[in-house]
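Visitor: Here is my input; please provide its structure:
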Amino acid sequence: MIEKFVIDNWPLIAVAFASGAMLVWPLVAGGRGGARLSTLQATQLINQRDAVIIDIRDQADYARGHITNSKNLPAKVLDERKAEIDKLKEIPVIVSCDTGMRAGASAEKLRALGVKEVFTLQGGLNAWRDAGLPVSK
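Guide: From the prediction side, this is the model:
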């Protein structure tokens with residue numbers, strides 16, 4: 001009886017499994033990189049402790065629009081920019097990308113390079129824009 005149910009309803013079972021996987025994926029992927037901040041928490045950290053936002057997208061994406069006063073340190077060149085990263089070791093750093101999904105790996109890399117306080121911006125630049133916060137080109 002169970003076999004017949006599975007055979008007759010395999011497309012529905014596949015859709016249910018895929019839906020569940022899509023719901024769990026942000027938790028798995030977002031768990032990398034440590035603490036995540038909402039846009040409100042990020043602005044508070046910037047205002048109260050002079051946190052710096054690091055945009056890890058490539059230069060072309062950064063030029064199309066970025067969080068005002070953020071610094072562009074593309075993820076692929078973090079190792080090459082050690083001198084700039086050394087200046088960030090004692091201040092809070094918020095890592096941002098488009099959606100917040102890629103920021104975790106770069107946050108881990110910054111932490112490995114000696115930055116003490118590293119956070120990721122939950123939702124990335126998209127969440128920042130959605131909150132009506134300033135964006136520059």
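
Visitor: so how many other residues sit close to Leu113?
Guide: 16 (other CB atoms under 10 Å). Placement of C-beta: from N, CA and C, glycine included.

Visitor: just Val135 next, same as before
Guide: 14.

Visitor: again, but for Asp58
Guide: By the measure other CB under 10 Å, the count of residues near Asp58 is 13.

Visitor: Walk me through the domains of the chain.
Guide: 1-30, 33-136 (automatic domain parsing).

Visitor: Point to the helix or strand of this protein where mean pLDDT is at its lowest.
Guide: When the helices and strands of the chain are compared on mean pLDDT, DSSP states H and E, helix 10-30 comes out lowest with a mean of 63.

Visitor: returning to that earlier point: determine which stretch of the domains of the chain is the most buried.
Guide: Most buried of the domains of the chain by mean neighbour count (mean count of other CB atoms under 10 Å) is domain 33-136; its value is a mean of 17.

Visitor: Compare the mean pLDDT across the domains of the chain and name the weakest.
Guide: Lowest mean pLDDT within the domains of the chain: domain 1-30, a mean of 65.
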